[in-house]
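J.: give me coordinates for this.
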Amino acid sequence: ALEIRLDKLGNRHLSVALSYNNMGVALNGQGKYEEAMKMHEKALEIRLGKLGKRHPSVASSYNDMGVTLNNQGKYEEAIKIHEKALKIRLDKL
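T.: Take a look at the predicted model:
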């Protein structure tokens, strides 16, 4: 799906960000944390560029990154990222 979206939509499209995010979630589930973080970072970069830093999709990216960090035992980093996600969500309520 990612290759098709990249080919048809370009590398800055929100659907491409969704594919990167989904790949990050899958890689995290496989224990491939470094690869997962790279995918989440790509998704976040696109979402920030297209949606701005206060969008719920940006919060979702931060959340997924926090989960990956937590799974690696990087608890302090995970908390900081989850706090970013929470702040965005609280501001949108």
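
J.: what packs against the helix or strand bottoming out on mean pLDDT in the chain?
T.: Least confident helix or strand, the chain: helix 2-9 with a mean of 79, by mean pLDDT, DSSP states H and E. Under the contact criterion of 3 or more Cβ pairs under 8 Å, 6 or more residues apart in numbering; DSSP states H and E, helix 2-9 touches helix 14-29. Every residue, glycine included, has its C-beta placed from N, CA and C.

J.: list the contacts of the helix it packs on.
T.: For helix 14-29, the external contacting residues (Cβ atoms under 8 Å, 6 or more residues apart in numbering) are 1-2, 5-6, 9-10, 33, 35-40, 42-43, 46-47, 50-51, 57, 60-61, 64, 67-68, 71.

J.: sort out which of these are buried, if you could.
T.: 5, 33, 35-37, 39-40, 42-43, 46-47, 57, 60-61, 64, 67-68 (16 or more other Cβ atoms under 10 Å).

J.: which ones among those residues lie within helices?
T.: Counted as lying in helices by DSSP state H, out of the buried ones among the contacts of helix 14-29, are 5, 33, 35-37, 39-40, 42-43, 46-47, 57, 60-61, 64, 67-68.
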